[in-house]
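Colleague: could you look at this predicted model? Sequence included:
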2 protein chains.
Amino acid sequence: MIFKYAFGRPFKTDAVIKSFPLVNSLPDYIEMSQDKKSFTAKLGVDDIIYGLGESVRGINKRGFRYISNCTDDFSHTEDKSSLYAAHNFFVVDGEETYGIYVDFPGKVYFDFGYTDLDTLTVSVEEANYELYVVEGDNVMDIIKKFREIIGQSYVAPKWAFGYQQSRWSYNTADEVREIVRGYRDNHIPIDAVYLDIDYMDNYKDFTVSEKAFPDFKNFVSEMKDNNIHLVPIIDAAVKKERGYDVYEEGAAKDYFCKDEDGNDFVTAVWPGKSLLPDFLNEKVRDWFGMKYKRLIDMGIDGFWNDMNEPALFYSEKNLKKTMEELKKYVGKDLSLQELWDFKDLVNGLANSPSDYRSFYHNFNGEKVCHERVHNLYGYFMTRAAAEAFRIIEPDKKVLMFSRASYIGMHRYAGIWTGDNSSWWSHIELIMHQLPNMNMCGFMYVGADTGGFNNNATEDLLMRFTELSMFTPLMRNHAALGTRPQEFFRYKNIKTFRNLVTLRYGMIPYLYSEYLKSVKFNTLMFTPLGIAFPEDRICRHIEDQLMVGENIMIAPVYKQNTFGRYVYLPEDMTMIRFRSLEDRDVVPLRKGHHYINVALHEVLVFVRKDKFFFTGKAIQSTAELENNEYTFYCADGYKGEYELFTEIYKSERIHN
Amino acid sequence: MIFKYAFGRPFKTDAVIKSFPLVNSLPDYIEMSQDKKSFTAKLGVDDIIYGLGESVRGINKRGFRYISNCTDDFSHTEDKSSLYAAHNFFVVDGEETYGIYVDFPGKVYFDFGYTDLDTLTVSVEEANYELYVVEGDNVMDIIKKFREIIGQSYVAPKWAFGYQQSRWSYNTADEVREIVRGYRDNHIPIDAVYLDIDYMDNYKDFTVSEKAFPDFKNFVSEMKDNNIHLVPIIDAAVKKERGYDVYEEGAAKDYFCKDEDGNDFVTAVWPGKSLLPDFLNEKVRDWFGMKYKRLIDMGIDGFWNDMNEPALFYSEKNLKKTMEELKKYVGKDLSLQELWDFKDLVNGLANSPSDYRSFYHNFNGEKVCHERVHNLYGYFMTRAAAEAFRIIEPDKKVLMFSRASYIGMHRYAGIWTGDNSSWWSHIELIMHQLPNMNMCGFMYVGADTGGFNNNATEDLLMRFTELSMFTPLMRNHAALGTRPQEFFRYKNIKTFRNLVTLRYGMIPYLYSEYLKSVKFNTLMFTPLGIAFPEDRICRHIEDQLMVGENIMIAPVYKQNTFGRYVYLPEDMTMIRFRSLEDRDVVPLRKGHHYINVALHEVLVFVRKDKFFFTGKAIQSTAELENNEYTFYCADGYKGEYELFTEIYKSERIHN
């Protein structure tokens, strides 16, 4: 059962697409405050809280406080309350089991046993929101029910399950060619190369630098002939430059966000002075979305939308004020307090809360302060693109994912987990984010393999890859100034070749399970506590995941460790892959195991009444053929598997 | 065997106190570069590198690069190459087993399989250093040999094993009284309360604010009557203020570091404009050390030396230059590049490398640029104090620990691990730092329990305490602006009472093992790989430690987890403490175990041919009596234990 409550004047976020009659009285286990701005519930000692999608810390979100407030913050440490996304759905699994969805696009605060270990408190910035309470037979049932009301998740094309290489930035066509050659010459499969911000002409959206990428259309086609998709980045803000048509059109039509006086709100991001398209306005979405056609017409079929929290390096007004305030510091012998104030002034320029309070949208005909609807911005940018794709390429699946997101956006695109780091703890973090993002509808997901910030050692990159090879988006990405992170730059190329080749062998299974999770509103990555609700041990396991219905993974995420503990909730068949062709198959009993895992090895655990299968070694998804599988299962087991190759197309295969 | 090599003109660091004849040819496994500035060695696949004392990442330091460069950096993430200390000793345990000590007080770079997984490279900023290669029967033997040549570690008084409460800051005597009352009223044992920077009169070293702490001497005595030691902080730099006698004296005697022109180098830290005593000058040490007498005369018997990397908020010259450069930004509409430059300018004020290059010491009569001897500064500050204590209080043990350190300082004081965070990963980090600090001679060690930065949840503080209750320094400390972190501020006071009472029950064992490790140059915290060199599984265990010779610990360091895997390298007796009096004793077999551990429980594993013992429940170390023990061991085991109560005093006890 789903109960819908509405307080005040909720914003129309289009997160939920199913309509419901409103209910008045809340269930007993929720206590609402007088002003309707917060509610609390008691937590039993063993209760788990799943959800909140992309955020830091564990699968179980308990014991911390989170704020839904899309934020461009590159340092994903344990103390961060907000990352790029705002995913306001969670499930309490315990003495009472229920799901909660808070549909409010401004700040929402989740105190999950932070102030008091045994109390959950949710506070909403204003008492204008919809609240959904989802009840069901168990956690999985609750998730399914929730996913049903928010609509079917975005389906990525199959090539988007190929290996993808990125860097900030490959600056020229020749650099891209060199990368592709590095992969093809070393026989490491690959399907896509990314174009980060420097492919553009002065960071202007929907332009391509003529100098760096002369005859871009031909270059795209040259790459396609080599089975490489180019995936350009699109930033949210539009450069303010006379003569730049996107700017001129947007300005002429009043399509940019306004300041309090009704003038265009001027911010600065990569292109310098920029304007924020008012994606909350349907007309602006129609207009901006169709701009993607320029790149699609050149053969592009994949995009990543970035900087759409929106990130602001500064606003024109705030910078001006700051530069004026500098006067009082010039030539001065600062006291310490003045020094702190001065530093705060300078460092407060970026993503300033006062800036977010100082511009406005035209949202369904109403002037709305950005702060109140902040978390919709990236979602509505991405929606703009997706809705245009349906017009531009109605019969084609376009790859798209976004940095900022809100539930609802899951119908239009995937997400990646933003600017993570080359930290071992971030391998572990992904494991925690994957199932929670899935619950919130985001199925095409992945993290920057090897880590974006900082330098990746070879062993880190291997272990990172050994997890991300199971995620829909398998992309290696690294920041400007960091150690080159392409697989072929390292010494043990053979290991990377084997790992990526193995990934390609698993694509038939992974893509099928991905499609099933979209179609049936299930999880592609399931915590053991949800998959085996009767097994108490499973409730605390946060470093193993079910991937689809047939297998479990238990990646190594510690450095200098060549083994780990694995808990099997039932008898399973372990495949120890050294490569797609070189592997051992070992039956293991239910229970605790310590298992050695060398740097080049990948373990897959097959469920007792299921089989696993891999295809042939190929160099890109263009070579995928859905036949000739190798099967893995318990001795003597015979079974059937419904293999989905498209969302409405499946075939039955038998081992 | 220890081989000593000298290149160029090494600095006299006094790290090694034993003299050796020089050797010329290096062992085969070390390849020295032509210019003597770097050397490499091959690493076998399974080789472990122990050492480097206080640094981030694992017990095994392999797979990263470190720089010895004492740094005030509060964010101890995995990517940090430098923390507060410079501990240039490490041991390779593998195909070749040997120890290396690089005695150079400037920057030393350790590439431990970072560039190439199988190669270790050490680079020294200049070819003026001593190199020690230590060979021995095994890792433990090598560590002992190294410790012998660097001299006996500092011995802390027994009361320093009591529980200690700190915060930045308890601002008045009444606030301190309130804290003490909070502990005493709740029957949570405690021995010390810390005075962070705000106890001083305007952050002037060796002053006490009359307003905040009127009649300080009486207050110290009032606290002593309540069995509370007050431990004030001493910062390295001296406020530049006319009339402040420490400044006036130092200036008159030319005791402060000089700039290139021979004028006093003016920096700023907490007191604002400040000068750096030239601790590398013996006369300055004699002078500064005797200043501690002012506080000792008021009854103080414990100190923590801080900001002695030295941390610099800015230098007068650099600030002036920066404030002049501001002119070009005032009122300007910055381009992005100008904005980055501007931000770099402002944020580059603190701990600027150019500042470290711009001041000088009088070191053994020579003018030496600070950068070349940077890592000696905190060490020689602390040495100054310790040498004075021997004159002021020859018969008394004074508690002292420092933030910055270099090997050699271990003879004078302990260290704490600086400004850590309320992160679960920092519980794990301490486990890794403890044995590595021990190897480098630092035996009185500990981390800020509950974490200094960020906010601690109750469960984090419990788990943190369940590790730090085994460390010599057991201090709870938290930063300005964070959630109050004293145990009695939380809901489950009973659990904290039980944990701290248990700690006090263990002090006889812990202090004895601490003294033994000092006396016999062993480790108080031993990695399992060193304790059980024949057991291959032990080599990769980084989340269990031997504490002294008789017990092993396996703390829980993950949130929302109520159990963990524990590997027993031999049959052991597990004690499950719910409190000092309420416990179960369970024999366990050698091998892998999954063990439940509730939030309020502490596990101690007793070695098969040893026993463990605890004393009575007490409220402070003043009540410690070395008798009436409870014994824990395998059924039927009868043994003897040499209990050290002082470094030269022991008695034999039997279970």
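Modeller: Great, that's in hand. Numbers count the residues shown, from 1 in each chain, chains lettered A, B, ... in the order given.

Colleague: give me every residue in the stretch 201-350 of chain A lying close to chain B.
Modeller: A:268, A:270, A:272, A:313-314, A:316, A:319-320, A:323-324, A:326-327, A:329-336, A:339, A:342-343, A:346-347, A:349 (CB under 8 Å from any CB of the partner chain). (Glycine included, C-beta is placed from N, CA and C.)

Colleague: and these, which of them are in strands?
Modeller: A:268, A:272, A:314 (DSSP state E).

Colleague: what sits against the nearest residue in space to the first one that is not next to it in sequence?
Modeller: Distances taken as CB to CB, 6 or more residues apart in numbering or on different chains place residue A:313 nearest to residue A:268, at 4.8 Å, with adjacent residues excluded. By CB atoms under 8 Å, 6 or more residues apart in numbering or on different chains, the residues touching residue A:313 are A:267-269, A:349-350, B:336, B:339.

Colleague: still on that earlier bit, just the buried residues from the residues of the stretch 201-350 of chain A next to chain B, in ChimeraX please.
Modeller: In ChimeraX, this line selects whichever of these come out buried by 16 or more other CB atoms under 10 Å in any protein chain shown:
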select /A:268,270,272,313,314,316,319,320,323,326,329,334,336,339,342,343,346,349
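
Colleague: inside helices: which ones of the residues of the stretch 201-350 of chain A next to chain B?
Modeller: Cross-referencing those against helices under DSSP state H gives A:316, A:319-320, A:323-324, A:336, A:339, A:342-343, A:346-347.

Colleague: can you pull the poorly scored residue ranges out of the stretch 551-655 of chain A?
Modeller: A:626 (pLDDT under 70).

Colleague: write out the residues of it neighbouring chain B.
Modeller: Residues of the stretch 551-655 of chain A found near chain B (CB under 8 Å from any CB) are A:558-563, A:565, A:567, A:592, A:594.

Colleague: quickly note the distance from the residue nearest to residue A:268 to residue A:319.
Modeller: Remark: distance between residue A:313 and residue A:319 (CB to CB, to the nearest Å) = 9 Å.

Colleague: so what does the lengthiest helix in chain A touch, helix or strand wise?
Modeller: Scanning chain A for the helix with the most residues, using DSSP H, yields helix A:493-519. Applying 3 or more CB pairs under 8 Å, 6 or more residues apart in numbering or on different chains; DSSP states H and E, we find helix A:493-519 packed against strand A:163-165, helix A:458-468, strand A:612-614, strand A:640-646.

Colleague: in TSV: the ones in helices among the residues of the stretch 201-350 of chain A next to chain B, plus distance to residue B:102 and pLDDT.
Modeller: Conversion of these to TSV gives the following (distance: CB to CB, whole Å; pLDDT from 0 to 100):
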residue	distance to residue B:102	pLDDT
A:316	52	94
A:319	48	93
A:320	52	93
A:323	48	89
A:324	52	90
A:336	37	89
A:339	37	90
A:342	40	90
A:343	36	92
A:346	39	91
A:347	37	92
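
Colleague: my read: residue A:357 touches residue A:369, true?
Modeller: Yes - contact criterion CB atoms under 8 Å: residue A:357 and residue A:369 qualify, at 6.4 Å.

Colleague: so for those two, which residue has more residues nearby?
Modeller: residue A:369 (16 against 13; other CB atoms under 10 Å in any protein chain shown).

Colleague: isn't that one up against residue A:360?
Modeller: Yes - counting by CB under 8 Å, residue A:369 touches residue A:360, with 5.8 Å between them.

Colleague: list the buried ones in stretch A:204-220?
Modeller: Those would be A:204-209, A:212-213, A:216, A:219-220, for stretch A:204-220 by 16+ other CB under 10 Å.
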